[in-house]
Each structure stands twice: as C-alpha cells, then as structure tokens.
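S.K.: The sequence and its predicted three-dimensional model are supplied below.
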Amino acid sequence: MVDAAFVSFAVQKLGDFLIQEVNLRLSLREDVKWLRNELLFMQSFLKHAEEKQSEDQRVQQWVFEINSVANDAVAILETYSFEASKGDDDRIAGRLKACTCICRKETKFYKVGKEIQSLKQRIMDVSRKRETYGITDINIAGEGPSNRPNNQSALVRTLRRTTSYVDDDQIFVGFQDVVQRLITELLKADPRRSAISIYGMGGLGKTTLARNLYTSPNIVSSFPIRAWICVSQEYNTMDLLRNIIKSIQGRTKENLDLLEKMTETDLESYLRDLLKERKYLVVVDDVWHREAWESLKRAFPDSKDGSRVIITTRKGDVAERADDKGFVHKLRYLTQEESWDLFCKKLLDVQTMVPEMGRLARDMVHKCGGLPLAIVVLSGLLSHKRGLEEWKKVKDHLWKTIKADSIEISYILSISYNDLPTVLKQCFLYFGIYPEDREIYTDQITQLWMAEGFIPREEERMEDVAEGFLDELIRRSLIQVGHTFWDKVVKCRIHDLLRDLAVKKALEVNFFDIYDPRKHSISSFCLRHAIHGQAQRYLSLDLSNLKLRSVLFFDPNFCKTGLINFRIEFQHIYVLQLEIQSGTRFPDSIGSLYHLKFLRLSGIYDIPSSIGNLKNLLTLCVYNEYGRLCQLPPETAGLINLRHLTAFYSIPLKRISKLTSLQYLEGICCDQWKDVNPVDLVNLGELRMYGIAKTYSLNNIGNLKQLHTLFLVCKYDESFPPLEFLNFCQMLHKLWLKGRIEKLPPSDTFSNSITMMSLSHSKLIEDPMPILEMLPNLRNLDLVAAYEGKEISCSDNNFGQLEFLRLESLENLERWYLATSAMPLIKGLGIHNCPKLNEIPERMKNVERLKRFNL
C-alpha cells in the first residue's frame, strides 16, 4: 500500500495554493500547475506499484521518490505561506513597512520558483524510471465504490446506518462450558494462591476468555482486588509492577512520585505488602517467556485466602511450568457447528445469504480449522461482498493459498487487508504504530487520520467520515471494540496477529517504522517514526536527511531531566505525540513547528506562548496524571483552525470564542466559561465542562446552536444551577449530568432530540421517571446514584423508544412499577448495587443484562 493519501493531499495543496495566491507571477503559476498535474497523473500508477513494491526494491525506491517530491512540494508551499502571512501582519505597521514587505514577498516568490524548478526536474526523473521499472497504468474506474472519492460520503452514511457494535465477549461462541469450568476453578475452596494458565495458538481467543472470567459477576464479587497487565514479547518488569500497583492504589501524585523512585526490589516488596492479607485476582496476559512470569510471581504473596492468578500464553511450556500445582487449560479449536454459529453471528446480513452462498461459506469456514480469529475476519470480509459471484471470487482466492487441509490464518488476514480500499489500508496500518496490547482511544486515532490527510474534505464533517472509516474496519473484524459508551466506540484494540500484519505491511511500503534500540536504527525511507522506548537514544540518530511528517513517542521515561529541543529534522512534521516524564519543561521551539496539525502531550504543565504560531493545528490534547492542571497561554486563542481542544487548564483562556472552527472542547471549568460569549463558536458540537456550582449560570450554553453532546460535572457536593437553558439546545442528542439536581425540571425543558441521557449522583428526592418517560426519542437512560427514593413508576404508553436502561447505586430503591405498554422496545437492562430491589417486573426478567461500566 503506497502512501497515496499524501500524494492526493499534495495535489490538493498545490491547487489551493494556486487559488489563494492570485498574484503569482505567470511563470511560477505555470510551474506549480505543471507539478500539480504531474502528481495527479502519477496517482494513476500508484495502485499498480503497490502490487510490485514488496517484491522489487527498485519499485519501492520509485514510490519513495514520488512521496518525497509530494512531501517537499507541500513543505515548500507551507513554509512560503507561513512566511508570507508574517509579512501581511507587518503591512499593518505602515506604508514604509508595506514597501519592505512587497520586496520581501518578491524574494520569496523567487525562492519558491527555484525550488519548484528543482522539483520539476526530480518528477521528470521519476517519470523516466516508471517506464524503466514497468509500472503501467491501470483502470482506476474499475476499482470498488469505496475507492472513488465522489462516493466517500455515501459510503460513510451507509456505514453509520448499518454498523452495530457487538462486544466480542457477547459472541463468545463455543466456550461457555470452559468459562464455567474455569470460574469453578477460580472459586474453589483451596486457600493456596494458585495460577490458572490458559494456552493455545494466536487467534484462539485466550484474551477474550480471560476477559470473560475477569468481568464475570461472581468473580467481581469474590475478589475485592483485581488487576490486569499485558506482558507481550518485549516487557519491562518494573513497568509491569508499577502498573499493577497503580491499578490497585490509583494514580495520586504522591503514589506516582513514590513509585518512580523505587528499584525493582522495592516495587516487589511494595506490591507484596499491598496484596498481603487481601484476596486478589491478577490477570497476566500474553506471556511469551517463562522469565517474565518468574520475575513477577515473587510479588504475589500467598496469604492462604484463595487468591488467584490467570496467565495467558501461546507457549505450552510457559503454561505448564507456571505453577506446579496450578490448573492448565489448553484452549481447543471450535467444532464445525460452533464455527458456523460464530460466522453467522458476525455476518452483518445473514438474511441475504441464499443456499448456494451458504454452501460456499460453509466450505470456507471449514477450512478455517476452528480458529475464531480466522472465522470472524472471513465473516467481515464476506459481509463486504455482495452476491454469489463475489463470494465465489473470495473462495477461489483462498483455495489458491491452501496448504494441506486448512488455510493459514495469515492468508485470510492478508486477503482481508488487500480487499480494503487504499484509504482504509492507511487507516488500518496506523494501528500498528501503537505498542502491542494497547487499548486505543477512538477519538485519538481518528484525529490522527485527519492530521495525516487520510480523511477527505467533503460535505460531510471530517469527524463523521473518520468515524465511518473506523466503523468499516470494525465491521470487517480487523479492529476489535474495546469499550463502548451509549452508541459510540470509546476504545478499540487490534489483535496481536493483525498488528503483526500491519507492522509487516507498513515496513514493506515504508508507511512507518518503529525505532529498534537494540539495532539503534530506523528506516531512512519512512516519514513516520514511532518510538516505544529509549527515546533519548533515538534522538541521537542522524535524521538530517529526512523531512519527517509524524513522530510519536510512547516512552513515559522520556526526558526525565532537562529540556526537550525540537531540531531541524522536525520542522515539517504534521503529527507530534509526547508521553513525557511528569514535570518536564516544554521549550519555546515548539512554535517553530508551524506545520503541526496534531499535538498530544502528557506530563507537560506549562505550554509556552509560542504555541500561538501553530496556525495549522487541528488537535491539541494535554493530559496530566493525578488531575494536575496545565497552563494554556492566551495565544492559544489564536489557533484559528483548531477543531479539538482537550486540556484541563488553570488560567481562564480569554477570547476562546475566536476558535470558530472548534468542534470539541473538554477541560474548561465553569468559572472559565462564565465570561465566554459562545455565539461565535458556531461549529462546537461537543462540550465537556467541569467545576459547576449552583451560583453559576449556564444560560449561554443555549447559544451553541450545533451542540449535540453535553457533559456537565459539578464541583464536589455542589448542586446544578437551573437547567432551563437546555430548552434552547434544539440539536442536543446526548446529555450527561453529574452532580446534585435539587429538582428535575419539567419534561418540556429537555429537547425532543435527546436520545441518550445519564444522571449521575443527582440525589433526587422525587421519582424522575414521570418526567423522563415523556422524552419521545430517548433510547438510552442511565441512572447512577441519581435517586434516593424507594420506588420508581413507569406509566402506560411511555418510554416508547427506550432500548437500554441502567439502574446503578440506587441504594434505597425497593419497588419498580412498570405498566404493561411501557418500554415496548427495551432490549438491554443493567441493575447494579441496588441492594433493596429484590424483585424486577416480570417482563424485564428475560431482557438481556448489561454489564457495569466505568465512565
């Protein structure tokens, strides 16, 4: 997969430049137009080059040179535009400066012209090499509909209608008996701390099985202390020990500072003392080497209280030697009928499968050999195919790769990857940048796609298009759902085998490279670098010949002391992610990275004023542990293209209403919002505000005409001010209120557009149901510590659209009256920590139970 999106992006940039710079000299205009047309022409050969790139080093070099020209063209134009805009600001100073700026601009035109001439020569060389390497044209019109840009919006709308998020744990076919057997083993009377090992090849569902055990209500209630860690092939024992301690004790500043100072021996002793005399369950997932378990198990004390450890591994010897007296379970393959059942559960539209298609599918499922991952990916692939002939083509392709009686899983994964349109290939490959076994926030990955130029700018919002692309990858079972909230995937993950495929394909086509500190090397062809450890060593590499586009640091130990400096190699980057040791100073040189579109920081408290130079920035996220606030300078309000701002900051950001492109705002406190005039925030769709008190007014929220999602959180033990402003939020779909509500306003206060509502810690005295049941489009309702009364009552012909209801921590609730015709569409019910509610309405007893969730 060539990096076609960036070539397309360069073509768009060149076109925009021609439109914006109306005063270009004719010769320069013609050169820019020629370069744009040549790159547009080259795009038609990139698909064919993709097929040959992994086999032919010369073709790989040819693709790199095209991307290099496109990359340099964008860098030249963006640098010129930035310098020219500074000149425009100078002209305001007076006529004398105006004359100086005209001369300066002419000089810049001359410099751009020389650089474009150089690119013309390079593109002509690339054209000659195309013929030499036998890269011929292809019929672009013959590609599938999802490859054609003019169909992107229709594709996205279709996906957003048809995709439903099914938790993989809910389709855990064939292993219900195994789950019960292992739960029995975990809960047996043996007081000795023991290990239960689950092993089997990749793709059998070891982690899914462990997750089912970990979240089982019986297990949750039996083990007061639970923790989960992923080990993977490359691990750091100290980090694993710290992660277990953090998950048990929380992430307070004092705790984290203490852990950072500890040696491995100190951490072992600390964790042992923490677990002593407490019944615990720890899942140690994805263990590759016996040494990994040996280095951890000393920290797990045996207090003779029935504590347990679950180990998952692909290696039989690791499982069998983990505990001499432990329980070892080898995960079996699915039977033919179990395999077919799983295939049908994952197939999106079983109804359209005619008998002949069913016979074809059964043959293919049989060849999957009972491996769940292969089955769900095959089902995802066939879900995208329409009609008997397309299914036959998939079968023919698979049959060509058969070795022996079953299909290698790598073949199915590769076919599913190859079936993706180019833009989705890029989106899929990006998951490989992340460290193994990491849960990924979906907002973060889609924002990265936008910054990289993968998401076309059309009539649909980029955020909606990106979400549609993620939907498609989930629909094809190439990406797994990690956590959902209401109808949105909040976290996702990629299976280890699929991540291996993403990394392999990315290296083949120079999409990205991951720094290897053992070899102390990284590909000079790749314009995206990921650093998972030893970031300081990475920075000692010679990167001077690269014009990097993306640099993502995932090393929390980066910059324990000293100052980060952004070198000349980073001057053209679009994406910068830094997970940094808390308290690191952030340099003014960040302001020189004026091409940045995505900036995500962790461990930074003071943002320099030079951030105001980043006029191209789309996403700014600043996360700090244990709730420490950052300081955003006033210049942040000058980031006119900013679409996503997530930063819990301390000093009020005046003139925030200047951010007219803003789509998402999180981290603002109510006392910072009170002086904001939001009338200019014409695009703000999601607002998350904290620190609300009864004395504040929230009325100006009603001026946000595009607001569709609203999260409001009160200060501790505070009450909400009047909520009548909600009557003006006519586009509002999702409402989440955390804090005391002295009296719920009448139902006509809430917009009829609301489909999802959560009331948390509201401490209502009166039954909220008579008001909430009047909302005509309400589909999801969560009541968490929201009501202190003894009974709730739902009357006839109400809650007509409600599908999911959660009642949690209603500690006084004893009775629930449900009229016969209320909640006719209900399909999911969660009841947690309602100790006095001994009986639920008869009609609710057969409704699927929802899991408890953490927000």
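M.R.: Yep, it's here. Being a predicted model, the structure only gives us computed values, none of them experimental. Residues are numbered from 1 along each chain as shown.

S.K.: K734 pairs with what?
M.R.: With DSSP bridges as the criterion, K734 is bridged to T709, M756.

S.K.: for the helix or strand where L271 lies, which positions count as buried?
M.R.: Taking DSSP states H and E as the definition, L271 sits inside helix 264-275. The neighbour-count check on helix 264-275 (16 or more other C-beta atoms under 10 Å) flags L267, E268, Y270, L271, L274, L275 as buried. To be clear about C-beta, it is placed using only N, CA and C from the backbone, and glycine gets the same treatment.

S.K.: Can you report how many residues lie near M201?
M.R.: 13 (other C-beta atoms under 10 Å).

S.K.: Closest one of the buried residues of helix 264-275 to I754?
M.R.: Nearest to I754 among the buried residues of helix 264-275 is L274, at 43.8 Å by C-beta to C-beta.

S.K.: how about the nearest residue to the closest one, chain neighbours excluded?
M.R.: I248 (6.1 Å; C-beta to C-beta, 6 or more residues apart in numbering).

S.K.: Which strands or helices does the host helix or strand of the one you found pack on?
M.R.: Taking DSSP H and E as the criterion, I248 maps to helix 237-249. Counting contacts by 3 or more C-beta pairs under 8 Å, 6 or more residues apart in numbering; DSSP states H and E, helix 237-249 packs against strand 225-232, helix 253-260, helix 264-275, helix 290-297.

S.K.: cutoff 6 Å now
M.R.: Secondary-structure packing of helix 237-249 (3 or more C-beta pairs under 6 Å, 6 or more residues apart in numbering; DSSP states H and E): strand 225-232, helix 264-275.

S.K.: For T422, which of these is the nearest?
M.R.: Nearest of those (C-beta to C-beta): strand 225-232, 30.0 Å.

S.K.: I'd like the average pLDDT over that closest one.
M.R.: Strand 225-232 carries an average pLDDT of 89.

S.K.: Any chance you could list what contacts that strand?
M.R.: With C-beta atoms under 6 Å, 6 or more residues apart in numbering as the test, strand 225-232 has contacts from 240, 243-244, 247-248, 278, 280-287, 292, 436-437.

S.K.: Which positions within that strand qualify as buried?
M.R.: R226, A227, W228, I229, C230, V231, S232.

S.K.: what lines up beside that strand in the sheet?
M.R.: strand 280-287 (parallel).

S.K.: Return the set of buried residues in the strand it pairs with.
M.R.: Using 16+ other C-beta under 10 Å as the test for burial, strand 280-287 gives Y280, L281, V282, V283, V284, D285, D286, V287.

S.K.: Report the two of those residues separated the most.
M.R.: That would be Y280 and D286, which, of the buried residues of strand 280-287, are the farthest apart (C-beta to C-beta) at 19.8 Å.

S.K.: Pass me the low-pLDDT residue ranges in the stretch 451-600 of the chain, would you?
M.R.: 559-568, 581-585 (pLDDT under 70).

S.K.: Please identify the next secondary structure element, helix or strand, after the least confident helix or strand in the chain by mean pLDDT.
M.R.: Least confident element among the helices and strands of the chain, by mean pLDDT, DSSP states H and E: helix 152-162 (a mean of 46). Heading C-terminal from helix 152-162, the first helix or strand you meet, by DSSP H and E, is helix 176-187.

S.K.: separation between E460 and S295?
M.R.: 50 Å (C-beta to C-beta, to the nearest Å).

S.K.: How about R386?
M.R.: Distance from R386 to S295, by C-beta to C-beta: 52 Å.

S.K.: now do T646
M.R.: In terms of C-beta to C-beta, T646 sits 36 Å off from S295.

S.K.: Let's check: the centremost residue of the protein is which one?
M.R.: T442 (2.3 Å; C-alpha atoms, centre = their mean).

S.K.: Can you tell me the closest non-neighbouring residue to that one?
M.R.: T442 sits nearest to V489 (C-beta to C-beta, 6+ apart), 5.1 Å away.

S.K.: Report whether the one you found is found in a strand, as I expect.
M.R.: Yes: assigned with DSSP: H, G, I helix; E, B strand; the rest coil, V489 falls within a strand.

S.K.: That one - how many residues pack around it?
M.R.: Counted with other C-beta under 10 Å, V489 comes out at 21.

S.K.: ok so, going back, of R386 and S295, who's got more company?
M.R.: Per other C-beta under 10 Å, whichever of R386 and S295 has more neighbours is S295, with 18 against 11.

S.K.: check contacts around S809.
M.R.: V784, A785, N833.

S.K.: I'd like to know how many residues surround the nearest residue to it once chain neighbours are set aside.
M.R.: Leaving aside its chain neighbours, S809 sits nearest to A785 (4.1 Å; criterion: C-beta to C-beta, 6+ apart). For A785, the count of nearby residues is 17 (other C-beta under 10 Å).

S.K.: ok, A785 touching L759?
M.R.: No: using C-beta atoms under 6 Å as the test, A785 is too far from L759 to be in contact (8.9 Å).

S.K.: Show me how the chain divides into domains.
M.R.: 4-142, 175-330, 336-419, 652-754, 759-855 (automatic domain parsing).

S.K.: Put together a markdown table for the ones you listed, with distance to S524 on each row.
M.R.: Below are the domains of the chain laid out as a markdown table (distance: least, C-beta to C-beta, whole Å):
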| stretch | distance to S524 |
| --- | --- |
| domain 4-142 | 9 |
| domain 175-330 | 23 |
| domain 336-419 | 25 |
| domain 652-754 | 36 |
| domain 759-855 | 44 |
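
S.K.: hey, least reliable of those domains by pLDDT?
M.R.: Across those, domain 4-142 gives the lowest mean pLDDT, at a mean of 66.

S.K.: Pull out the buried positions in the host helix or strand of N212.
M.R.: Element membership for N212 (DSSP H and E) is helix 206-215. Buried residues in helix 206-215, defined by neighbour count with 16+ other C-beta under 10 Å: K206, T207, T208, L209, A210, R211, N212, L213, Y214.

S.K.: any chance of those in JSON lines, plus distance to A361?
M.R.: Putting the buried residues of helix 206-215 into JSON lines (distance: C-beta to C-beta, whole Å) gives the following:
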{"residue": "K206", "distance to A361": "26"}
{"residue": "T207", "distance to A361": "26"}
{"residue": "T208", "distance to A361": "23"}
{"residue": "L209", "distance to A361": "25"}
{"residue": "A210", "distance to A361": "30"}
{"residue": "R211", "distance to A361": "28"}
{"residue": "N212", "distance to A361": "27"}
{"residue": "L213", "distance to A361": "31"}
{"residue": "Y214", "distance to A361": "33"}
